[in-house]
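> pasted the sequence and its predicted model underneath.
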Amino acid sequence: MADVKSLEHPTLKVPYEILNKKFRTAQKSLDREVSHVQQGVGEVEKCLSSEGGVKAKDITNLLGGMVEKLHVLKRKADESILEELTAANVCKRRLEHLKEHATVTASNTVSTGTLNQWRKKRLDRMVVEYFLRNGFYNAAIKLAERSEIKEYTNIDIFLNSREVEKSLASHETQKCLAWCHDNKSKLRKLKSTMEFNIRVQEFVELIRKDRRMDAIKHARKYFPSFEDEHLVTIQKVMALLAFSVGTTLPDYAVLFDMRRWDKLIEQFRQENYKLFQLSSQSVFTVTLQAGLSALKTPQCYSENNENRNPACPVCQEDLNKLADPLPFAHCSQSRLYCHITGLPLNENNQPMMLPNGYIYGEQALEVMAKENNGQIICPKTKEIFPFKKVEKVYVM
């Protein structure tokens, strides 16, 4: 279960965060509607306690307003309950999916086919997330639909974030600001600077368009709420009023750099991950790197290709490049492998030494001897020896 706990944290955490968000939103919405109903009740009580008498028309209007407010409260309560149930069902289905793995592995008679099928689904989920993080949305959707794992993935979250990223790429800020407003309390806990950086970029764009008075109005409207934490930055940004767009001063030229929009997209992406408890790297990337690092040895990067193990994934050209920046495996005990077959040398495959000093596995040499009338051809030197001259090696 250790691998499930480490790899499947986002699988349950993301729908839980969505459910938590829907609950908080529903609570605020219902509290607001309840206050409206209470306000209507107060108006009815005030009308009934008036000294001048009560007119039937006034009571009718007030009660009609009360009924309307109660209808609104009921409608919003039904909508909130439906949304929460939908989110809760997603959590339930994902939990049941993970329980399948525990059930299969805990049983005495493990079904290899069932276990492999579950692992295949997990791999597909990892690949879907990797595609989504790298912008291959259509490929991710098709894979999720083909593997019938859409309900176990976070496609909706990434599709929503894609709209915000598209708007930022088009130098528009409305959708990103709406996202900041919807997640204001959570972003405040994360000490996010997303909204401030967006407001700064809006100010810069007004300066770029030579709308300096509009930029001043913008600063007066939005910057005061950020003064406590970002006063120095605000002062620096306000100095742009005295410079042209083509200024060569490094401190101010960087504020006019169009690549700031790319930084905003990347910041939004990372903070969206934090919002839903997603790691900065995909689970697929982390798993692949962990596997490559566990298998990586100095022998995988030997200049002599003949020294590489043909059965080792890291010795393959493409994976060899991917593993290059990763640390080598920590091997507390050395393991010997046959250069011919890639199989480990142990009691079932004894290490055997040729007269020229090269060592290979007993199984490989026996097969070679049968195919060559009792002769052994050394794969490295091409020397030929009779099988009788092969000696067993004992490793202490």
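Nice, thanks for sending it over.
> in the chain, where is pLDDT below threshold?
Within the chain, the ranges that satisfy pLDDT under 70 run 1-5, 51-53, 106-110, 306-307, 331-333, 396.
> let me see the domain layout of it.
2-110, 187-273, 283-323, 333-396 (automatic domain parsing).
> quick one, longest helix in this structure?
When the chain is scanned for its longest helix (criterion: DSSP state H), the result is helix 56-106.
> just checking, next helix/strand downstream of that helix?
helix 112-133 (DSSP states H and E).
> name the residues of that following helix that come out as buried.
118, 121-122, 124-133 (16 or more other CB atoms under 10 Å). Where C-beta positions appear, they are placed from N, C-alpha and C, glycine not excepted.
> elements contacting the longest helix of the chain?
Helices and strands touching helix 56-106, by 3 or more CB pairs under 8 Å, 6 or more residues apart in numbering; DSSP states H and E, are helix 2-7, helix 9-48, helix 112-133.
> swap the cut-off to 7 Å and go again
helix 9-48, helix 112-133 (3 or more CB pairs under 7 Å, 6 or more residues apart in numbering; DSSP states H and E).
> next, format those as TSV and append distance to P250.
Formatted as TSV, those follow (distance: least, CB to CB, whole Å):
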stretch	distance to P250
helix 9-48	40
helix 112-133	33
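> the helices in the stretch 251-396 of the chain, which residues?
260-275, 283-295, 317-323, 362-371 (DSSP state H, counting those that start in this stretch).
> mean neighbour count and distance to L354 for the ones you listed - can I get that in a markdown table?
Formatted as a markdown table, those follow (neighbours: other CB atoms under 10 Å; distance: least, CB to CB, whole Å):
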| stretch | mean neighbour count | distance to L354 |
| --- | --- | --- |
| helix 260-275 | 17 | 56 |
| helix 283-295 | 17 | 28 |
| helix 317-323 | 14 | 28 |
| helix 362-371 | 16 | 8 |
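> so which of the ones you listed is nearest S6?
Nearest to S6 among those is helix 283-295 (8.9 Å), distances taken as CB to CB.
> residues near the residue nearest to R133 when sequence neighbours are not counted, how many?
Spatial nearest neighbour of R133, excluding adjacent residues (CB to CB, 6 or more residues apart in numbering): S282 at 5.0 Å. Counted with other CB atoms under 10 Å, the neighbours of S282 add up to 20.
> how about S282, phi and psi?
Dihedral pair for S282: phi -70, psi 150, per degrees, to the nearest 10.
> contacting residues around it?
S282 is in contact with E129, Y130, R133, counting by CB atoms under 7 Å, 6 or more residues apart in numbering.
> can you check which of the helices and strands packed on helix 56-106 gets nearest to E271?
Of the helices and strands packed on helix 56-106, nearest to E271 by CB to CB is helix 9-48, at 13.5 Å.
> packing partners for the closest one?
Contact partners of helix 9-48 among helices and strands, from 3+ CB pairs under 7 Å, 6+ apart: helix 56-106.
> can you give me the angle the helix it packs on makes with helix 9-48?
If you take axes from the mean of the first three to the mean of the last three CA atoms, to 10 degrees, helix 56-106 sits at 160 degrees to helix 9-48.
> just list the residues touching E227, thanks.
Shown in contact with E227 (CB under 7 Å, 6+ apart): I234.
> so which bits of the one helix or strand it maps to are buried?
Assigning secondary structure by DSSP H and E places E227 in helix 227-238. When burial is assessed from 16+ other CB under 10 Å, helix 227-238 yields the following buried residues: H230, T233, I234, V237.
> and if you look at stretch 21-28?
With burial defined by 16+ other CB under 10 Å, the residues of stretch 21-28 counted as buried are K21, K22, A26.
> a markdown table please, covering those residues and showing distance to K392.
Formatted as a markdown table, those follow (distance: CB to CB, whole Å):
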| residue | distance to K392 |
| --- | --- |
| K21 | 67 |
| K22 | 69 |
| A26 | 75 |
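> return the member of these nearest to P386.
Nearest member of those to P386, counting by CB to CB, is K21, at 75.9 Å.
> related to what we said a few turns ago, for the contacts of S282, give me CSV that also has distance to V314.
As requested, these are exported to CSV (distance: CB to CB, whole Å):
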residue, distance to V314
E129, 24
Y130, 20
R133, 24
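> what distance do you get for the nearest residue to G40 once chain neighbours are set aside to K142?
For G40, ignoring the flanking residues on the chain, the nearest one in space by CB to CB, 6+ apart is M66 at 4.5 Å. Note on M66: its distance to K142, by CB to CB, to the nearest Å, is 52 Å.
> and the two? which has more neighbours close in?
Neighbours around M66 and K142, counted as other CB under 10 Å, are more numerous at M66. The numbers are 17 against 13.
> distance of the more buried one from V41?
Counting by CB to CB, the separation of M66 from V41 is 7 Å.
> pretty sure K392 is touching E347, no?
No - counting by CB atoms under 7 Å, E347 is not a contact partner of K392; they are 11.6 Å apart.
> okay, these two: which has more neighbours?
Counted by other CB under 10 Å, K392 and E347 do not tie: K392 has more neighbours, with 9 against 5.
> which ones are touching that one?
K392 makes contact with Q350, M352 under the criterion CB under 7 Å, 6+ apart.
> report how many residues lie close to V390.
V390 has 19 neighbours, counted by other CB under 10 Å.
> er, N154 I mean
Using other CB under 10 Å, N154 is surrounded by 19 other residues.
> one step back: roughly how far does the residue nearest to R133 sit from Y130?
S282 is 5 Å from Y130, by CB to CB.
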